[in-house]
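Participant: Requesting a structural model of the entry that follows:
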Amino acid sequence: MLDKQDRKKFDEMLYIPRLYNAAGTMAARPILIHVILMSIIFEHYKKLSKIVFNNQKTGGMNKNQPRTHQSY
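Facilitator: Have a look, this model is predicted:
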């Protein structure tokens, strides 16, 4: 069972496919779970792309943030 905070995030994640409902129904033979998963992946991709763009635009990590990975 999820705690309140995790449940809220889970519900937000499951709301994402509603944003792309029209596109999902345009598929010739949509399999519901494929449409749902692709919608969630696409939304996360857009958010990640925005984060990467903003990170590159600002010149990288904030000096006050701890490093969580090693750059090569």
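Participant: which of the residues in the longest helix seen in the chain are buried?
Facilitator: In the chain, taking DSSP state H as the definition, the longest helix is helix 32-57. In terms of neighbour count (16 or more other C-beta atoms under 10 Å), helix 32-57 has its buried residues at 35-36, 38-40, 43. Any C-beta I mention is one placed from the backbone N, CA and C, and that applies to glycine too.
Participant: separation between residue 24 and residue 38?
Facilitator: Using C-beta to C-beta, to the nearest Å, residue 24 is found at 8 Å from residue 38.
Participant: what about residue 60, which SS state?
Facilitator: Here residue 60 is coil, with the state taken from DSSP: H, G, I helix; E, B strand; the rest coil.
Participant: no wait, residue 10
Facilitator: Of the three states, residue 10 takes helix according to three-state DSSP.
Participant: residues contacting it?
Facilitator: The contact partners of residue 10, by C-beta atoms under 8 Å, 6 or more residues apart in numbering, come to residue 2.
Participant: In JSON lines, list the buried residues of helix 32-57 along with pLDDT and distance to residue 18.
Facilitator: Output for the buried residues of helix 32-57, formatted as JSON lines (pLDDT from 0 to 100; distance: C-beta to C-beta, whole Å):
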{"residue": "35", "pLDDT": "82", "distance to residue 18": "11"}
{"residue": "36", "pLDDT": "84", "distance to residue 18": "10"}
{"residue": "38", "pLDDT": "85", "distance to residue 18": "13"}
{"residue": "39", "pLDDT": "87", "distance to residue 18": "8"}
{"residue": "40", "pLDDT": "89", "distance to residue 18": "11"}
{"residue": "43", "pLDDT": "90", "distance to residue 18": "11"}
